[in-house]
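Here's my sequence, what's the structure:
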Amino acid sequence: MSTQKPSNPKREAGILMMVGMGVRITSQSMTLALLLVAGRFLDAELFGVFVLASIVMNFAIVQMYTGVYHYVLKQPDFEASEGTAFSLQLMTGAFYGVVILAAAGIAWAVGGDGLLVQLMAATALVPLIITVSSWQEAILLRRGEVKYYYGALLLAEVAGFCVALTMLMNGAGVWSLIVNRYCSAVGISLLLSFRSGRLPRLAFHREHASAIFRYSAGLYGNSALSFFSGSGAEIILGSFLSARAVGLFRMGARTSTAAYDIFAQTFRVLTWQAVGRMAREERLTPTLWTRLIAINLCIMTFVLGSLSLLATELTILLLGEKWLGMVPVLQVFCWLKVLNSVDMIASAQLAAAGYSKFLVRARSLEAGLTLVVLLASVQFGMMAVAYSLFIPAAIYISIILWKLMRLTEASVGRLIMTVAPGLLLSGGSLAVVYAVSRALSVDSGLIVILLTAVAGSGAYLAIAFGPLRAWTLKTLQTVSVAILPAQDSGERHSSGQEASSVSS
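Take a look at the predicted model:
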């Protein structure tokens, strides 16, 4: 008789979720650390040149991980069209390599900065390398070999980080960041290829190519819109203002984004797990998304609000006084990320309900509005651009919340009553953070930050499990009911009633 314990699917799924979250958080932490270390060795102008030089490369990387990539993941009879799919992926990578070289040539022809042209041209091979890594990643995930993928991803990120750090400390300057991209891309390609095996033979069948294109076109378009919403400001600033303005803007925006992503990874997994499970088990209720938004805003407002209040001390401690010009941008983006975090929950709920096309239309409107406000505000400087981004973000969030409230028959009043206690909790905690940071007269920025963080966290927990204990427990209970599986239809019905009663 075998003594091997039977596999536990729930336990394995939980382990995979935790491993994935851990790898993503580690990757984001290394990205933030490299960004801060690079800021110690580079000034704002040099960093801005790197940002401008890598825009096309970053767009190409985003595109390589959609379209054909998703086709490989989801197509049931993939083996018949494998050769054609790989040929199209290779053509896509080669196309973006040519686009990068053409952009570098145009920049050189119009008398652009020499370093900008060199850095841009140096990124041309990255899309071709990503062709291999994106293909092999899709193959591995299709097979369900998730653990190996996460391990390979972590090793490649660590290798790229260590190489870039060593080069920065030895005076390689901005080229360290280019080498970092190549090390990470080559490393993950080799590790995944070792597991996935040889690449398929090139082939091209018109019917297969037509089917792949029809499947991929919308994904490429949505990816492009999302990229512009996130990086459009740098493109506009680079076209009208100086590289230094781009560097300050990008450093402030990227620092807030990295800090946000460290916490958002957990919320993203929690949201999709809860919403996805309840959608599959047909027990979606209006309670869930309002409570998820409440707990998300409660935590994100406190974390990013604290970062905003301590932005000056953190900038001096981590980057030095030469980067103080980015502090206003960092503060604005902290609050912009709080607003954007609502999209994470609302979009998941709408997607689970089958409204993906509506989300694409809403995102298209946001991208168009972003372009308009950027062109209108860039003439007034960097901070005008930063503030203007609130307009398309607020309109987009309003549209998807309106759709969600109509879909779930939830009222504005109900949403406000659910969210308000959480905002009071985070607001009270931020008041303590502000008071403590201003009361301390210690010269050491590190001591100010640590003492303020301890005081703010203590106030947060005291309020959450003191005056707002009932709200906190109800919110946590609602989320736990959503995550736990219903065993049968009777339990499914009672779980939905329980979730509804918790919010009432």
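
Low-confidence ranges, the chain, go.
Residues of the chain meeting the criterion pLDDT under 70: 1-25, 28, 265-286, 352, 441-444, 479-504.

Show me how it divides into domains.
54-204, 228-504 (automatic domain parsing).

So which of those is nearest residue 219?
Residue 219 sits nearest to domain 54-204 of all these, at 4.6 Å, using C-beta to C-beta. For the C-beta atoms, the positions are set from N, CA and C on the backbone; glycine is no exception.

Between the two ends of that closest one, what distance do you get?
Start-to-end span of domain 54-204 (C-alpha to C-alpha, to the nearest Å) is 32 Å.

Distance from that domain to the middle of the chain?
Between the centre of domain 54-204 and the centre of its chain there are 18 Å (C-alpha atoms, centre = their mean, to the nearest Å).

what's the answer for stretch 194-208, then?
For stretch 194-208, the distance to the chain centre is 30 Å (C-alpha atoms, centre = their mean).

what's next to that stretch, contact-wise?
The contact list for stretch 194-208, computed with C-beta atoms under 8 Å, 6 or more residues apart in numbering, reads 80-87, 90, 132, 135-136, 139-140, 145, 148, 152, 193.

PyMOL command to pick out the buried ones of those?
Per 16 or more other C-beta atoms under 10 Å, the buried members of these correspond to this PyMOL selection:
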select buried, resi 81+82+83+84+85+86+87+90+132+135+136+139+140+145+152+193
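
got JSON lines for the domains of the chain, with distance to residue 29 too?
Compiled in JSON lines, the domains of the chain are given as follows (distance: least, C-beta to C-beta, whole Å):
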{"stretch": "domain 54-204", "distance to residue 29": "10"}
{"stretch": "domain 228-504", "distance to residue 29": "6"}
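
can you count the residues close to the nearest residue to residue 172 once chain neighbours are set aside?
Once flanking residues are discounted, residue 172 sits nearest to residue 179: 7.4 Å by C-beta to C-beta, 6 or more residues apart in numbering. Using other C-beta atoms under 10 Å, residue 179 is surrounded by 17 other residues.

Which of the three states applies to residue 179?
Under DSSP: H, G, I helix; E, B strand; the rest coil, the three-state class of residue 179 is helix.

hang on, isn't it packed against residue 166?
No: between residue 179 and residue 166 there is no contact under C-beta atoms under 8 Å: 9.7 Å.

tell me the helices in the stretch 301-450 of the chain, going along the chain?
Along the stretch 301-450 of the chain, counting by DSSP state H, counting those that start in this stretch, helices occupy 311-318, 327-352, 356-377, 382-388, 390-408, 412-439, 445-464.

what's the answer for the stretch 151-300 of the chain, then?
With DSSP H, counting those that start in this stretch as the criterion, the stretch 151-300 of the chain has helices spanning 175-196, 206-240, 243-280, 286-309.

ok, now the stretch 1-150 of the chain?
9-41, 44-53, 55-64, 68-74, 82-109, 114-122, 126-143, 146-169.

now those helices in a markdown table, with distance to residue 446?
Below are those laid out as a markdown table (distance: least, C-beta to C-beta, whole Å):
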| stretch | distance to residue 446 |
| --- | --- |
| helix 9-41 | 14 |
| helix 44-53 | 23 |
| helix 55-64 | 33 |
| helix 68-74 | 43 |
| helix 82-109 | 41 |
| helix 114-122 | 34 |
| helix 126-143 | 37 |
| helix 146-169 | 21 |
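
With residue 476 as the reference, name the closest of those.
Taking the helices of the stretch 1-150 of the chain one by one with C-beta to C-beta, helix 9-41 is closest: 18.0 Å.

Near residue 169, how many other residues are there?
Residue 169 has 12 nearby residues by other C-beta under 10 Å.
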